[in-house]
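Chemist: give the three-dimensional model of this entry:
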Amino acid sequence: MLHLTSSLDLYGNPTLRRRLERLGDLPVEVAREIARGAAARLTLEAKAALQTQGPRTLSRRTGNLITHTRATARDTPNGATAELHTLFYGRVNARGMTIHAKAAPYLVFRIGNRLLRKRSVVIPARDWDRLAMERTRAALPGLTRQAVVARMRVSA
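Modeler: So this is what the prediction gives:
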């Protein structure tokens, strides 16, 4: 599981602190709303990053990896966090790995009309998850602004 965590520092920005103090006990709710927005954005960015990998680097025969990749927002005592969930081979494709034969001396696979045998195969790292997280982090100021403005309208 990959995590995207953001915190809202009320004491680092006096203007933001004054505005959030008008909300009373709502900053935690604002953080949770930001996390929900970040989770939705992270899901979209992760699926887009997986689709741009192309057939040469990340085979998409069934689409299971794209279908089963999603982000969720999880509440914490002081706010919330957004987490990216994917299948095991999504993590393998993101971080890279060397795969060895388990039950037989060789891995056997077909490329075109040729049958190949290898003792191990190196899966290169493809940073689809980091790309999605960077794009989502870049969107956090806008998500924060939307959440704060929405809460200020409700409380006013």
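
Chemist: centroid-nearest residue for the protein?
Modeler: The chain has Leu84 as the residue nearest its centroid, 4.0 Å off, counting by Cα atoms, centre = their mean.

Chemist: identify the bridge partners of that one.
Modeler: Leu2, Ala71 (DSSP bridges).

Chemist: wait, it touches Arg130, no?
Modeler: No. Counting by Cβ atoms under 8 Å, Leu84 does not reach Arg130; the two are 10.4 Å apart. For glycine as for every other residue, the C-beta is placed from the backbone atoms N, C-alpha and C.

Chemist: pull out the buried residues from the longest helix anywhere in the chain.
Modeler: Selection of the longest helix in the chain by residue count, based on DSSP state H, yields helix 128-155. Within helix 128-155, the residues that count as buried by 16 or more other Cβ atoms under 10 Å are 128-129, 131-133, 135-136, 139-140, 143-144, 147-148, 151.

Chemist: and if you look at stretch 92-106?
Modeler: 93-94.

Chemist: and that stretch, end to end?
Modeler: Using Cα to Cα, to the nearest Å, one end of stretch 92-106 lies 20 Å from the other.

Chemist: what residues does that stretch touch?
Modeler: Contact partners of stretch 92-106, identified using Cβ atoms under 8 Å, 6 or more residues apart in numbering, comprise 2, 53, 58, 65, 86, 107, 117-130.

Chemist: for that stretch, what is the average pLDDT?
Modeler: The pLDDT scores in stretch 92-106 average 87.
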